[in-house]
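Engineer: Build me a model from this:
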Amino acid sequence: MGDVLIRLDEVSIGYGRPLMRPIDLEIRRGEFWGVVGPNGAGKTTLARTILGLLDPVGGRVDVRAKGLRYSYTPQRHRLSASYPVSAFEVVLMGRTAYLPVGRRPGPDDRKRATEELARLDMAEHGKALFRSLSGGQQQRVLFARALAVDPDVLVLDEPAEGMDLLGTSDILRFLRRLNADGRMAVLMISHRIDHVIDTVDHLCIINKDSDTFEAGPVATIASPERLSSLYGRPITTRVHDGRTHVELKEV
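Structural biologist: Presented below is the predicted three-dimensional model:
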């Protein structure tokens, strides 16, 4: 088990006032976390608090490792695609966050940007305008930008957004391989519970409206009983051909 990177101790998340009861969470290097819950449940608010982009209303977010590097890939539709920048320039932007003030990206930064574009099968599109790419291609470029930072903690908000069935399968397989070396902790926010369960090893379920928060190994947390309570509807799970299917029961 890897070292603890971030610990939430009785943390109240929210914007000026708590969304729900205080929560505890411990994230270790090498863990792959999924975060699921209904729309508006508090998933992104939790992620922003973990990343330090949002101060907790109460409690403490304890960063256990010095010089911790974060990387965040937001939902693609939250970014403006109108800027006249190339795919390569978008990836290179990821490197600038950790450069000294006033320093321009150098050869090493350009090398890392090139490497990550290639790893996401986007090398041939490096000179293309970001806005000219398909939704799935834009998402791959944003992955490359996040990874070019060489993060300790990588947060992905709806990583398969804009991708077709094949693209989604490729990205989820890529994420499994990415986490296998244990160099970083990965948090994936998604409304596709079946994708999350089949990809991660730890699961966090959250719903501010029902004051629900539980976190732990996916085999424990992804039970039909917990998922049914989370969504307020009867849910069943079954495994077929090695894949988990999450089904909403008719009432």
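Engineer: What are the structural domain limits within the protein?
Structural biologist: Annotated domains of the chain cover 1-68+152-165+179-222, 80-150 [automatic domain parsing].
Engineer: Export the ones you listed to JSON lines and append columns for mean pLDDT and distance to residue 244.
Structural biologist: Quick note: C-beta positions are derived from backbone N, CA and C, even for glycine. As requested, these are arranged in JSON lines below (pLDDT from 0 to 100; distance: least, CB to CB, whole Å):
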{"stretch": "domain 1-68+152-165+179-222", "mean pLDDT": "90", "distance to residue 244": "5"}
{"stretch": "domain 80-150", "mean pLDDT": "88", "distance to residue 244": "23"}
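Engineer: now those domains as TSV including mean neighbour count?
Structural biologist: Output for those, formatted as TSV (neighbours: other CB atoms under 10 Å):
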stretch	mean neighbour count
domain 1-68+152-165+179-222	18
domain 80-150	17
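Engineer: Could I get those in a markdown table, plus columns for distance to residue 239?
Structural biologist: Below are the domains of the chain laid out as a markdown table (distance: least, CB to CB, whole Å):
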| stretch | distance to residue 239 |
| --- | --- |
| domain 1-68+152-165+179-222 | 9 |
| domain 80-150 | 27 |
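Engineer: Can you tell me which of those is nearest to residue 228?
Structural biologist: Judged by CB to CB, the one of the domains of the chain that comes nearest to residue 228 is domain 1-68+152-165+179-222, at 11.0 Å.
Engineer: Would you mind pulling the contact partners of the helix or strand harbouring residue 237?
Structural biologist: Using DSSP states H and E, residue 237 sits in strand 235-240. The contact list for strand 235-240, computed with CB atoms under 8 Å, 6 or more residues apart in numbering, reads 197, 222, 223, 224, 227, 228, 244, 245, 246, 247, 248, 249.
Engineer: strands paired with that strand, and their directions?
Structural biologist: strand 243-248 (antiparallel) (DSSP bridges).
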